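Q: Provide a 3D model corresponding to the input given below.
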Amino acid sequence: MAEEKTKTTRTKPFLPWKTRISLSFLSALTDASRRSNGTVNRRLLNLLDRKSQPNATPVNGVSTKDVTVDAARNLWFRLFIPTSATDTASLPVLVFFHGGGFTYLSPASFAYDAVCRRFCRRVPAIVVSVNYRLCPEHRFPSQYDDGEAILKFLDENRAVLPENADLSKCFLAGDSAGANLAHHVAVRVCRAGLREVRVLGLVSIQPFFGGEERTEAEIKLEGSPLISVVRTDWMWKVFLPDGADRDHGAANVSGPNAEDLSGLDYPDTLVFVGEFDPLKDWQKRYYDWLRKSGKEAQLIEYPNMIHAFYVFPELSESSQLISEVKDFINKRISNSK
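A: This next block holds a predicted model:
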């Protein structure tokens, strides 16, 4: 089932000045930190990546704490607990993977701390925001290994979560590279199986997929904020195994090296797409592939939105997306009974 908002004929999105300034800063930061030799300037990134500290004292109805899973590989997650829902008998668990091209940001980054707080408060849900290893220092499949390790950790260590966290109502979610990660983790846990964790759904927000082909959207929307062919080519090059091209199954999930999902209990999936996102053709192919593979999938398109629009709270569509995620989660829980 595909759902689309009101169409637009504009060639560029209308964005408030605050959003435009933020986008210009983020684009300049990623370009300045990205080196041609396949490394990044971590010192510069750490200096300019505004961080939020965990806070056990509730702020707007949400308390947070960081939980270490494996200190040797800096694997941890930020736990978001809705303190206003303490009387609720059971709450779903939303495992969230942040975006950033597998190269940038963390659960402590201000924008992702704020987003997860909104999910936590408005769904409401227990949110587990995963800090996975970044490339180019750690290439494929490190990020997928870390994502799977978090699910296994939760499966074996129920006590790290609040008493009202219900692991039989687990959802995977992510945006951009985090949505790519969520997909591959979903495939892995479908194959491996878990004892306590039951994944009911997957929320895929503008997933970062690609391939050797240059799609119509990549060509037409070249020069869009945050996403460009030059940036994404660099990200794939430093993420994928040496010698691999962009048709590798990690990038082109619906392409020539696609996984066979037919025998897997792959979770029902909600896919968000923005009309002004150069990655939109790959995202729609992902949705189509899921449907052709016999899986339940829903596509929601935002005709006026750019890549990563939902991290900007000043945009009304950002709040709308949170509401649609809430509806998806509640519907899946209701259908699973």
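Q: neighbours of the residue lying closest to Leu226 once chain neighbours are set aside, just the number please.
A: Counting by Cβ to Cβ, 6 or more residues apart in numbering, the nearest residue to Leu226 once its immediate chain neighbours are dropped is His307, at 5.2 Å. Backbone N, C-alpha and C define where each C-beta goes, glycine included. Neighbours of His307 under the rule other Cβ atoms under 10 Å: 24.
Q: Tell me which residues touch His307, please.
A: Contacts for His307 (Cβ atoms under 8 Å, 6 or more residues apart in numbering) come out as Ser176, Gln206, Ser224, Pro225, Leu226, Ile227, Gly274, Phe276, Asp277, Pro278, Leu279.
Q: Am I right that the second one is in contact with Phe276?
A: No. Between Gln206 and Phe276 there is no contact, the gap being 10.8 Å when judged by Cβ atoms under 8 Å.
Q: More neighbours: these two, which one.
A: More neighbours surround Gln206 than the other of Gln206 and Phe276, with 28 against 24 (other Cβ under 10 Å).
Q: what pLDDT does Thr57 get?
A: Looking at Thr57, its pLDDT reads 95.
Q: rewinding a little: please narrow the contacts of His307 to those residing in helices.
A: Per DSSP state H, helices hold no members of the contacts of His307.
Q: what about dumping the CA coordinates of stretch 285-296 to CSV?
A: Extracted C-alpha coordinates of stretch 285-296, given in CSV (Å, rounded to 0.1, in the frame of the first residue of the first chain):
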residue,chain,number,x,y,z
ARG,A,285,12.8,0.0,-5.3
TYR,A,286,13.4,-1.3,-1.7
TYR,A,287,9.7,-1.0,-1.0
ASP,A,288,8.8,-2.7,-4.4
TRP,A,289,11.3,-5.5,-3.7
LEU,A,290,9.8,-6.2,-0.3
ARG,A,291,6.3,-6.4,-1.8
LYS,A,292,7.5,-8.7,-4.6
SER,A,293,9.2,-10.9,-2.0
GLY,A,294,5.8,-11.4,-0.4
LYS,A,295,6.4,-9.1,2.6
GLU,A,296,4.0,-6.6,4.1
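Q: Figure out how far that stretch is from the centre of its chain.
A: Relative to the mean C-alpha coordinate of its chain, stretch 285-296 is positioned 19 Å out (Cα atoms, centre = their mean, to the nearest Å).
Q: Kindly report the same for stretch 62-80.
A: The answer for stretch 62-80 is 17 Å, by Cα atoms, centre = their mean.
Q: Just the terminal-to-terminal distance for stretch 181-200.
A: End-to-end distance for stretch 181-200, by Cα to Cα, to the nearest Å: 17 Å.
Q: and Asp242, what does it touch?
A: Counting by Cβ under 8 Å, 6+ apart, Asp242 has no contacts.
Q: what helix or strand is it on?
A: Using DSSP states H and E, Asp242 maps to neither a helix nor a strand.
Q: if I look at it, how far off is Gly211?
A: To Gly211, Asp242 is 18 Å away according to Cβ to Cβ, to the nearest Å.
Q: same thing with Trp236?
A: For Trp236, the distance to Gly211 (Cβ to Cβ) stands at 9 Å.
Q: Now list whatever residues contact both of those two.
A: Overlap between the contact sets of Trp236 and Gly211, as judged by Cβ under 8 Å, 6+ apart, is given by Arg246, Ala251.
Q: Quick check: Ala173 is in a strand.
A: Yes. According to DSSP: H, G, I helix; E, B strand; the rest coil, Ala173 belongs to a strand.
Q: just checking, it touches Ala182?
A: Yes. Under the criterion of Cβ under 8 Å, Ala173 makes contact with Ala182 at 6.2 Å.
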